[in-house]
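*Asks:* Predicted structure and sequence below. I'll ask about it afterward.
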Protein chains: 6
Amino acid sequence: DFLNALLEVVPAFGASTDDLERCRLNGMVDCGNRHEHIYQRALLLVEQVKVSKGSPLVTCLLEGPSGSGKTALAATVGIDSDFPYVKIVSAETMIGLHEATKCAHIVKVFEDAYKSPLSIIILDDIERLLEYVAIGPRFSNLISQTLMVLLKRLPPKGKKLLVIGTTSEVSFLDSVGLCDSFSVTYHVPTLRTEDAKKVLTQLNVFANEDIDAAAEALNDMPIKKLYMLIEMAAQGEAGGSAEAIYSGNEKIKIGHFYDCLQDVVRY
Amino acid sequence: DFLNALLEVVPAFGASTDDLERCRLNGMVDCGNRHEHIYQRALLLVEQVKVSKGSPLVTCLLEGPSGSGKTALAATVGIDSDFPYVKIVSAETMIGLHEATKCAHIVKVFEDAYKSPLSIIILDDIERLLEYVAIGPRFSNLISQTLMVLLKRLPPKGKKLLVIGTTSEVSFLDSVGLCDSFSVTYHVPTLRTEDAKKVLTQLNVFANEDIDAAAEALNDMPIKKLYMLIEMAAQGEAGGSAEAIYSGNEKIKIGHFYDCLQDVVRY
Amino acid sequence: DFLNALLEVVPAFGASTDDLERCRLNGMVDCGNRHEHIYQRALLLVEQVKVSKGSPLVTCLLEGPSGSGKTALAATVGIDSDFPYVKIVSAETMIGLHEATKCAHIVKVFEDAYKSPLSIIILDDIERLLEYVAIGPRFSNLISQTLMVLLKRLPPKGKKLLVIGTTSEVSFLDSVGLCDSFSVTYHVPTLRTEDAKKVLTQLNVFANEDIDAAAEALNDMPIKKLYMLIEMAAQGEAGGSAEAIYSGNEKIKIGHFYDCLQDVVRY
Amino acid sequence: DFLNALLEVVPAFGASTDDLERCRLNGMVDCGNRHEHIYQRALLLVEQVKVSKGSPLVTCLLEGPSGSGKTALAATVGIDSDFPYVKIVSAETMIGLHEATKCAHIVKVFEDAYKSPLSIIILDDIERLLEYVAIGPRFSNLISQTLMVLLKRLPPKGKKLLVIGTTSEVSFLDSVGLCDSFSVTYHVPTLRTEDAKKVLTQLNVFANEDIDAAAEALNDMPIKKLYMLIEMAAQGEAGGSAEAIYSGNEKIKIGHFYDCLQDVVRY
Amino acid sequence: DFLNALLEVVPAFGASTDDLERCRLNGMVDCGNRHEHIYQRALLLVEQVKVSKGSPLVTCLLEGPSGSGKTALAATVGIDSDFPYVKIVSAETMIGLHEATKCAHIVKVFEDAYKSPLSIIILDDIERLLEYVAIGPRFSNLISQTLMVLLKRLPPKGKKLLVIGTTSEVSFLDSVGLCDSFSVTYHVPTLRTEDAKKVLTQLNVFANEDIDAAAEALNDMPIKKLYMLIEMAAQGEAGGSAEAIYSGNEKIKIGHFYDCLQDVVRY
Amino acid sequence: DFLNALLEVVPAFGASTDDLERCRLNGMVDCGNRHEHIYQRALLLVEQVKVSKGSPLVTCLLEGPSGSGKTALAATVGIDSDFPYVKIVSAETMIGLHEATKCAHIVKVFEDAYKSPLSIIILDDIERLLEYVAIGPRFSNLISQTLMVLLKRLPPKGKKLLVIGTTSEVSFLDSVGLCDSFSVTYHVPTLRTEDAKKVLTQLNVFANEDIDAAAEALNDMPIKKLYMLIEMAAQGEAGGSAEAIYSGNEKIKIGHFYDCLQDVVRY
Ligand SMILES: Nc1ncnc2c1ncn2[C@@H]1O[C@H](COP(=O)(O)OP(=O)(O)OP(=O)(O)O)[C@@H](O)[C@H]1O
Ligand SMILES: Nc1ncnc2c1ncn2[C@@H]1O[C@H](COP(=O)(O)OP(=O)(O)OP(=O)(O)O)[C@@H](O)[C@H]1O
Ligand SMILES: Nc1ncnc2c1ncn2[C@@H]1O[C@H](COP(=O)(O)OP(=O)(O)OP(=O)(O)O)[C@@H](O)[C@H]1O
Ligand SMILES: Nc1ncnc2c1ncn2[C@@H]1O[C@H](COP(=O)(O)OP(=O)(O)OP(=O)(O)O)[C@@H](O)[C@H]1O
Ligand SMILES: Nc1ncnc2c1ncn2[C@@H]1O[C@H](COP(=O)(O)OP(=O)(O)OP(=O)(O)O)[C@@H](O)[C@H]1O
Ligand SMILES: Nc1ncnc2c1ncn2[C@@H]1O[C@H](COP(=O)(O)OP(=O)(O)OP(=O)(O)O)[C@@H](O)[C@H]1O
Ligand SMILES: [Mg+2]
Ligand SMILES: [Mg+2]
Ligand SMILES: [Mg+2]
Ligand SMILES: [Mg+2]
Ligand SMILES: [Mg+2]
Ligand SMILES: [Mg+2]
């Protein structure tokens, strides 16, 4: 019966709503139209999987520069769907394991998903799952073959599955043929000046007259790096000013902000 | 006796008529002359194997772009033959296995086939069986050597075997010498505008006046991708319209169809 | 005594007259002067080994394009010699074995041969024995080293050995230094128009007036491929005509023959 | 309670205050503004980690030529912070271990750190941890993958961690993608003439009139090499003068100093 | 005492006078000045080892094209010395062994030699001992390192050792640094026309008036290949003439000799 | 107490004064200023290690062409120091060992040295310790990493260590970064004509009037090769003259000397 089925899909290792929440530690702010568009499209895929008869398996790749918000976006889709089985597959829970063991874990997540009528699997940071390094390049072919087969293999009759992958190395994924394994691909971008301005306004740590200058300087920064930079700047030149700034009593000094920007951006 | 012989060829793992049917989940529609021609020729090979004395082993390769319908075609030939032993060898049932184990499984399928008077073996997605990846390139030489020998080795006296391979990486297969191992090779193509129009007409999800425009936009799309695209478009911009469209009450909006086409086609 | 000696040379695995016969499944037809010349020379080597005191080991390589008749030729020499020990070493009986095991098997065949006063060993498809693949290239150096030593090592006093190798990858064999390990090398060619005509006349499946045209179209085809092509053409366009053609009641239609030629020849 | 927690973070192997002190065997002298600036910034990061809510993990890379003072600087930051858990991860305590064992040790250090509310981990000489060698190049991908994941993985709720890496092979680290894994990077430089003069003045082993000439000759020397050079020169041409020089009774002869400089600098 | 010492040097595996004799199966004929010169020089080295105090280890490399007579020459020096320990190290007795085992065998031969006051070790076909293949190139670095150390390591006090190596891949040996490990190197050449004429005269299988023409055609042939060619030619065009020719009753027909030359020489 | 400490440093394998003496089998003659200079500088390093407080570890590399006298020089420094622990690490005592075992042996030597107040370790022929071969190049990264760490790791408090490395492949050592691991590097040269003349005079095997001509011919020869050449020449053209020459009764004939020079020098 249904209760038993639910029990069966208890994850064997890792992910849960809590895990998904940790993926968006700084919460979700409005990052502009392009982020919003991807979110809307992903929700349509969620619905397609739910109602479709002909496509029991839908696969979607979120690619974009490091820190652009891919993982947080995927986690948000997982949380906002009402699917009984949502699991994130991440290298963080498989550090140091042999590639065969990693492979077995990944297969297990899919086998578990096949037991639920509706499932979402997030393959987070696929290049890390593949142990990719640019020199060579080297990567685990065992895992890449496994993913290629899993991304094409239909779930059993009556079961439906949405797979969301994330990567910041899309050209590598392309060169191993993994991009072609996804039905749809969306590019998650860095912040344009206008997007950055929106975000800074929401964070409310700059004096109004500084926001434009700050946003201008941030052009093309990923959202994740922006958070780190704001934190650094909030300490103040001599330290100790963070509390006053987050409580709204003080504002970040634009000069010190520029200094921190130097440290964070690699020249 | 015959009954015993039949028992002996019970597959050791995987494939059966049910497996073959799963290979053409969306059924078979008329995809134009070129698909039809290949199907007819393949049936002639089935007959040649049956009646011939000098060629107890015939081998045929179906190659073509990803999603062009190779697997569905091979499965259909297998179903339409009246051979007592038809088996599909696929990477899907061998995920994560060591190459030596995969190799043993493949050999086992051939050994089983040798016990039946008439057999068909489908080697599906040969590049995946070989664990091929373009970087390097890397692949299992153990399995490629095994296939090369099996594709040349005669079955025992009185037994006959037709092997059908499928691949979307024909130039790789060529470079390892596997193409030369097949007696005949057929190219399974994507859909020309005229073919696409035929298919769309059969699916009956567009308004009559939109079919030409839609087919035009689809030029050179593989049949499998076409099915995915139609499903996406059938959800409608805001979701929820799929049922109405498949029941024939509504038609897909051509504008939304173009939008979905953008997501599916990689630029 | 002699009986015991004979017993001792019973093959440990594989080859026998029956094995040798399976190597020329379609029988031997007259393929023209060049094939004949090689056969005669090979017989002279058989005699040299028998009578010579200074060369207890003679080694001969048959190289030529895939399907040109090398294996059948070597098997025929083995059958036509009156040597008590004739063995074929082939990849077909060693599928999936580890290279060290294959190596041991090969050494065993030589050790067995050393016990017979007069022996022939056929190393069939040496590139396959070496697990050769052009990408890389990759191959088993263990086996190539073993062959190089075995092809130079003298049998014990009083024993004599003729080794016949076959290969369709002569330039690879050359690059690993294996060609130099053979005393003599013969090139087994494809069929010239005049050779093809001879063969077609013997097969008697064409109308007399079509033979010239057919032979012309076949220029440079290997004998093995010719047999496959004839079988395909003999089915007829709609199937079912094979029996009538082989019984001599009907002839192959030259138009259909051209069609089949298209499928078989890779463009 | 707190005492128990403290006990739990007792290091499993290696580092302690004593270990950190051994990292600056020659003590710390004033090496000029650029060294000082980095030290100040690093202390700000220490504070950020302590007070921040949004960035429980801060990572910082010190890169610069061999001997420029990176390790001594990192150790000093560790000593000057008041964090309960400070550990140095160094290849010196893992000589000859298998990469999987090294990997386990590194992970263990992080797991230990996660138990302390505030921790600093120094990854010393990252290229050596990765067993990097320029030929190839070769390195341990297992360890590089592990570091990449550890440098991104958040500590458990309520725990905070500062990771300081050092390397003299920054372009290698960049090519494996490890540079991007650090939030901030500082370049630790060699000594300019003015810096060298400052150091020589503090060491007080030259006659006043020689200091300028000596500093000039030292342009662009790393601080560590400078110490070795001074020691060599202090022996005197015929040996035996070291004690007199360090006690201040004699000064290093500038001519002999130039000679030693030749031996130390590679031409 | 001396008897005991002699017993101790009984070879652990392989070589003996009989083995050495098998290395010159066709006996030794006069091959001209250049062969003679090398033989004389090698004998001088034998004496140097015997009388010298300062060079307890002398090493000498014979290099030259395949079949030029290197092994026979080395064996002859071994036989003609009056050393109590003479051993040949050859790949023939180590077929299929793991490189570590081969390495142990080689070391054992040296350890055995160190027990004899005067020893000769022949390292035959060094490229084969190293499992060399030109593609890659590949070879056993374990064995090459072992040889490099053994060729430099002094025998214990009071023991003396002459090592003679042979190779037909001198440029490979050079590229791994093995040539530099030998104190002296001699090039063993193929036969010039004048040398060939000398040899043919001694063999006495041609009519006097044919010798010049035959020798001319043989220019630059190695002595070993010359023997094989003579044997082939001696069979006669139709076989059966070998006995008559070797007994001196008949002579080889110069026309048939030219034909055989074609088969043996690779174009 | 002190006695116990001394006992503890008994070497676990290999080296002793006897071993060091075997490194200069032909004794030490005056090879000119450049050899002498290096010897003096090395002695200064010995003293620096003894008296210094700031540099408990000093490392010095002797590099130069094969046979130039590096090992003999290092051994002489070891013998002439009055250090209680002097050990040579050489590939000769580790033939055929696995790289991990070699690595353990090397570490053991350092651990033993750390127990002595004053130690010298000679790393002889570092390229051989690393199993270096130019093709590839190949070498043991395990051992190179180990050496890089050992050459930087400080001995325990109160212990002092001088490491002397020798190599004839300095550019290889540089490319793996090992040169940078040494504090000082000296180039040990071949003999200039003037140096060779000095050596020949000391050896006293030429007639006075021949010495200049002989020395001229020897330009740029390493000292080790010079000894081998003299021995060869001393046998005389027909052998047997060695005793007379070494006893001073006869002199080497300059013509025969030139002949031998040809054999020894590679063209
Ligand atoms: N609209 C948003 N979309 C995505 N992330 C957001 C958004 N608003 C705020 N964030 C925050 O920005 C951060 C995005 O980081 P995230 O780890 O998702 O990036 P990423 O692209 O996965 O990075 P990486 O390439 O390193 O994996 C998260 O901390 C998240 O809380
Ligand atoms: N005439 C047809 N021929 C082939 N497939 C058809 C045809 N009509 C409909 N289809 C459907 O199209 C799909 C073809 O997909 P199939 O898996 O066979 O493609 P493929 O070429 O094997 O793809 P891949 O390269 O990914 O292996 C199937 O779902 C099948 O049901
Ligand atoms: N004169 C002939 N010489 C050789 N083969 C012949 C001859 N006449 C007929 N045949 C037939 O032609 C076929 C030759 O195939 P065979 O396997 O010997 O070719 P091959 O060169 O060894 O091919 P491959 O390169 O694939 O190993 C056999 O079936 C044989 O019966
Ligand atoms: N201001 C300073 N900063 C850093 N090091 C200093 C300073 N003053 C003196 N030193 C001394 O200089 C030496 C610096 O060596 P350190 O090992 O830190 O260099 P490194 O850059 O880590 O070298 P490597 O690249 O070899 O790892 C230490 O012995 C330290 O005591
Ligand atoms: N003067 C000679 N020197 C050498 N070999 C001779 C001489 N006279 C006759 N021979 C014969 O010539 C043959 C030389 O072959 P050998 O095996 O020594 O050549 P090789 O150079 O070692 O060949 P490979 O390169 O194949 O090892 C032997 O059979 C030997 O009996
Ligand atoms: N002044 C000298 N310095 C060094 N060696 C000398 C000197 N005088 C005589 N010799 C002799 O010269 C030989 C030098 O050989 P040694 O093995 O030291 O050279 P090497 O450079 O280590 O050679 P390799 O590169 O092969 O290791 C020794 O036999 C030694 O006895
Ligand atoms: Mg992410
Ligand atoms: Mg398919
Ligand atoms: Mg064949
Ligand atoms: Mg450091
Ligand atoms: Mg030889
Ligand atoms: Mg040396």
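*Replies:* Done, it's in. Ligands and ions are numbered 1, 2, ... in the order given.

*Asks:* and residue A:254, what does it touch?
*Replies:* Neighbour list for residue A:254: A:206, A:207, A:210, A:213, A:214 [criterion: C-beta atoms under 8 Å, 6 or more residues apart in numbering or on different chains]. In this view, the C-beta of every residue, glycine as well, is placed from N, C-alpha and C.

*Asks:* For residue A:204, see how far away it is.
*Replies:* 15 Å (C-beta to C-beta, to the nearest Å).

*Asks:* Enumerate every residue touching residue A:155.
*Replies:* A:56, A:57, A:113, A:114, A:119, A:161.

*Asks:* one more time with 7 Å
*Replies:* By C-beta atoms under 7 Å, 6 or more residues apart in numbering or on different chains, the residues touching residue A:155 are A:56, A:57, A:114, A:161.

*Asks:* Tell me the most packed of these, by neighbour count.
*Replies:* In terms of neighbours by other C-beta atoms under 10 Å in any protein chain shown, the contacts of residue A:155 top out with residue A:161 at 24 neighbours.

*Asks:* Which secondary structure state is assigned to that one?
*Replies:* Counting by DSSP: H, G, I helix; E, B strand; the rest coil, the backbone at residue A:161 sits in strand.

*Asks:* partner residues bridging it?
*Replies:* residue A:57, residue A:119 (DSSP bridges).

*Asks:* correct me, but residue A:261 touches residue A:219?
*Replies:* No - if you go by C-beta atoms under 7 Å, residue A:261 and residue A:219 don't touch, sitting 11.1 Å apart.

*Asks:* And these two? Which one has more around it.
*Replies:* The neighbour comparison of residue A:261 against residue A:219 (other C-beta under 10 Å) goes to residue A:261, with 16 against 13.

*Asks:* And what about the more buried one, helix, strand or coil?
*Replies:* helix.

*Asks:* Please name the residues that touch it.
*Replies:* A:217, A:229.

*Asks:* For ligand 3, state which of the contacts of residue A:254 is nearest.
*Replies:* residue A:214 (72.5 Å; C-beta to the nearest ligand atom).

*Asks:* if I look at residue A:208, how far off is ligand 4?
*Replies:* Remark: distance between residue A:208 and ligand 4 (C-beta to the nearest ligand atom, to the nearest Å) = 43 Å.

*Asks:* Now do that residue against ligand 3, distance only.
*Replies:* Distance from residue A:208 to ligand 3, by C-beta to the nearest ligand atom: 81 Å.

*Asks:* Residue A:242 too?
*Replies:* For residue A:242, the distance to ligand 3 - C-beta to the nearest ligand atom - is 77 Å.

*Asks:* Check residue A:250 too.
*Replies:* 83 Å.

*Asks:* Could you pull up the residues touching that residue?
*Replies:* A:241, A:244.

*Asks:* Okay, it and chain E: tell me how far apart.
*Replies:* 66 Å (C-beta to the nearest C-beta, to the nearest Å).

*Asks:* same deal with residue A:175?
*Replies:* When residue A:175 is compared with chain E (using C-beta to the nearest C-beta), they lie 25 Å apart.

*Asks:* Am I right that that residue is in contact with residue B:134?
*Replies:* Yes - with contact defined as C-beta under 7 Å, residue A:175 and residue B:134 form a contacting pair (6.1 Å).

*Asks:* Does stretch A:59-73 reach chain B?
*Replies:* No - interface with chain B: stretch A:59-73 contributes nothing (C-beta under 7 Å from any C-beta of the partner chain), its closest point being 9.2 Å away.

*Asks:* just so I have it, where are all the strands in the stretch 101-250 of chain A?
*Replies:* Listed in chain order, the strands of the stretch 101-250 of chain A (DSSP state E, counting those that start in this stretch) span A:118-123, A:160-167, A:184-187.

*Asks:* What score does the most centrally placed residue in chain A have for pLDDT?
*Replies:* Geometric centre of chain A, nearest residue: residue A:71, 0.9 Å, by C-alpha atoms, centre = their mean. The score at residue A:71 is 98. That number is its pLDDT.
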